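Peer 1: this one's structure only:
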């Protein structure tokens, strides 16, 4: 496994930072990355068919004994930008810190998402080298711009649709194996996303004549905008237990203390109480029970002594299952209640369909978790809080799941998109076994 680790480190050192479509220099790094894949995984590239889609997205097909109901394993090549000054190590140095079971690789992309991409390739390379022929076709779908547009994965779906490929199981990044996320549940849980929240961005704009800051109007554009933001903050979207969260609580109920188990099993009565408690436990559990909205990007005057002729805020909204872009937009108008605030939806997608948490595809996932990670882990359905490339695949498969086979601590999860992202070496190596077992069972 030492060679697997060194291959992982080499690929982490290639800075495939999300790039604009017209940024030739940044996109050239993806060419370097793909050449490294060809060199490091020769058996995979000799035996699997490969398409380069939308410039840099990759689609591999490993022919199985039958083509129907193929398995699709997803990951993305791109990583988010870094602020190097915040890191304790070179973010693209892939340094190994610590020893033994505490040894970890520190690098941008260690978890999100080269950890999964390289683990998938390690599993495939080993199986191909052993002469394994999968029972059904296996596809590897590696988008190149998940962190920005995500249309690389969309183009892959278009290609598969044109070939009449209907996957029987799609697995992308998502929940992980975690401890202590759910109140009262001591067992480690594998959080398998059966759906993901929708995402939309709305621009709020307030306008005025402008002028010198020494003579402001009674309600300048900046103050009007600030009032609108405060109203959204004071009146969050209502709490409720959506079907994926209901399934999650029902699944973990046998592993919770008796009093909590009763609450989790009787959600028809206790749902409002559980939702209220979850909303106060922290950001993650709050996001499980309501649509969230937060002002992010702000724009105002061009100088400190100039009144803004327009003040603008981007509001990032993540839609809970059951909400829509249309219903969220209507609520923005009701809550802000100000005709002087223009509300423009710039882009968005509704929440994904909900994949079943019973049946043969689910059993294959749960079986690989038990065989490769730990039979005592509780595999539970989960509502994916962030967006992923998997949303594109719901158009061609009803069995789309979001799970990364790594046992992650809270601090490791918090480092995603932040500084000092890292993964423990032994955790990453066990993830290879998960993909190997999943392929073998497919």
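Peer 2: Received it, and whenever you're ready, just let me know what you need. None of the values given here were measured: they were computed from a predicted structure.
Peer 1: and the helix or strand containing residue 4, average pLDDT?
Peer 2: Counting by DSSP states H and E, the element that carries residue 4 is helix 2-12. Model confidence over helix 2-12, given as mean pLDDT, is 94.
Peer 1: in that helix, what's buried?
Peer 2: If you call a residue buried by 16 or more other C-beta atoms under 10 Å, then helix 2-12 has these buried ones: 4-5, 7-9, 11-12. Every C-beta, even on glycine, is put in place using the N, C-alpha and C of the backbone.
Peer 1: ok, now stretch 268-280?
Peer 2: Neighbour-count burial for stretch 268-280, counted by 16+ other C-beta under 10 Å, picks out 270-271, 274-275, 278-279.
Peer 1: then stretch 252-261?
Peer 2: Using 16+ other C-beta under 10 Å as the test for burial, stretch 252-261 gives 252-253, 255-256, 260-261.
Peer 1: just these: which are in helices?
Peer 2: Members of the buried residues of stretch 252-261 lying in helices (criterion: DSSP state H): 252, 260-261.
Peer 1: returning to what we had before: between the buried residues of stretch 252-261, which sits nearest residue 294?
Peer 2: Taking C-beta to C-beta as the measure, residue 294 lies nearest residue 252 of the buried residues of stretch 252-261, at 28.2 Å.
Peer 1: what's the closest non-adjacent residue to the closest one?
Peer 2: The spatially closest residue to residue 252, leaving aside those adjacent along the chain, is residue 185, at 5.0 Å (C-beta to C-beta, 6 or more residues apart in numbering).
Peer 1: same thing with residue 112?
Peer 2: Nearest non-adjacent residue to residue 112, counting by C-beta to C-beta, 6+ apart: residue 416, 4.9 Å away.
Peer 1: repeat that for residue 350.
Peer 2: Using C-beta to C-beta, 6+ apart, the closest residue to residue 350 is residue 198 (4.5 Å).
Peer 1: burial count for that neighbour?
Peer 2: As a burial measure, residue 198 scores 22 neighbours (other C-beta atoms under 10 Å).
Peer 1: list the contacts for it?
Peer 2: 318-319, 323-325, 348-352 (C-beta atoms under 8 Å, 6 or more residues apart in numbering).
Peer 1: quick one: it from residue 382, how far?
Peer 2: According to C-beta to C-beta, to the nearest Å, residue 198 and residue 382 sit 16 Å apart.
Peer 1: neighbouring contacts of the helix or strand of the chain with the lowest mean pLDDT?
Peer 2: None of the helices or strands of the chain scores lower by mean pLDDT, DSSP states H and E than strand 211-212, at a mean of 86. Contacts to strand 211-212, defined as C-beta under 8 Å, 6+ apart, come from residues 305-307.
Peer 1: apply 7 Å and report the result again.
Peer 2: Residues from elsewhere that reach strand 211-212, judged by C-beta atoms under 7 Å, 6 or more residues apart in numbering: 305, 307.
Peer 1: and the angle from the helix or strand residue 426 falls within to helix 2-12?
Peer 2: Here residue 426 is covered by helix 425-440, with elements defined by DSSP H and E. With axes from the mean of the first three to the mean of the last three C-alpha atoms, to 10 degrees defining the directions, helix 425-440 sits at 100 degrees from helix 2-12.
Peer 1: which of the three states applies to the residue in the chain sticking out farthest from the centre?
Peer 2: Distance from the centre of the chain peaks at residue 215, with 47.4 Å (C-alpha atoms, centre = their mean). Following DSSP: H, G, I helix; E, B strand; the rest coil, the label given to residue 215 is coil.
Peer 1: how close does it sit to residue 227?
Peer 2: Distance of residue 215 to residue 227, computed by C-beta to C-beta: 21 Å.
Peer 1: again, but for residue 177
Peer 2: From residue 177 across to residue 227, the span is 44 Å (C-beta to C-beta).
Peer 1: those two: which has the busier surroundings?
Peer 2: For the pair residue 177 and residue 227, the greater number of neighbours falls to residue 177 (24 against 16), based on other C-beta under 10 Å.
Peer 1: helix, strand, or coil at residue 293?
Peer 2: Three-state assignment for residue 293 (three-state DSSP): strand.
Peer 1: show me what contacts it?
Peer 2: Shown in contact with residue 293 (C-beta under 7 Å, 6+ apart): 232, 237, 315, 317.
Peer 1: one more pass at 6 Å, please.
Peer 2: 232, 315, 317 (C-beta atoms under 6 Å, 6 or more residues apart in numbering).
Peer 1: among those residues, which are in helices?
Peer 2: The helices, defined by DSSP H, take in residue 232 from these.
Peer 1: same list (the contacts of residue 293) but as TSV, adding neighbour count, distance to residue 219 and pLDDT.
Peer 2: Shown next, in TSV, are the contacts of residue 293 (neighbours: other C-beta atoms under 10 Å; distance: C-beta to C-beta, whole Å; pLDDT from 0 to 100):
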residue	neighbour count	distance to residue 219	pLDDT
232	22	18	97
315	23	20	98
317	24	25	97
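Peer 1: any low-confidence regions in the stretch 151-300 of the chain?
Peer 2: For the stretch 151-300 of the chain, no stretch has pLDDT under 70.
Peer 1: show me where it has strands.
Peer 2: Counting by DSSP state E, counting those that start in this stretch, one finds strands in the stretch 151-300 of the chain at the ranges 169-178, 189-196, 198-207, 211-212, 292-299.
Peer 1: what's the closest of those strands to residue 266?
Peer 2: Residue 266 lies closest to strand 189-196 among the strands of the stretch 151-300 of the chain, at 20.7 Å (C-beta to C-beta).
Peer 1: who touches that closest one?
Peer 2: For strand 189-196, contacts defined as C-beta under 6 Å, 6+ apart pick out 174-175, 177-178, 244, 321, 352, 354-355, 357, 369, 377-384, 401-403.
Peer 1: so how far is residue 276 from residue 371?
Peer 2: From residue 371 over to residue 276 the distance is 39 Å, taken as C-beta to C-beta.
Peer 1: if we can go back for a sec, just the buried members of the contacts of strand 189-196?
Peer 2: Buried by 16+ other C-beta under 10 Å: 174-175, 177-178, 244, 321, 352, 354-355, 357, 369, 377-384, 401-403, out of those.
Peer 1: inside strands: which ones of the residues you listed?
Peer 2: Of the positions in these, 174-175, 177-178, 378-384, 401-403 sit in strands, assigned by DSSP state E.
Peer 1: may I see the residues you listed arranged in CSV, with distance to residue 98 as well?
Peer 2: Converted to CSV, these look like this (distance: C-beta to C-beta, whole Å):
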residue, distance to residue 98
174, 27
175, 25
177, 20
178, 21
378, 29
379, 29
380, 30
381, 34
382, 30
383, 33
384, 30
401, 32
402, 29
403, 26
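Peer 1: many thanks, we can stop here.
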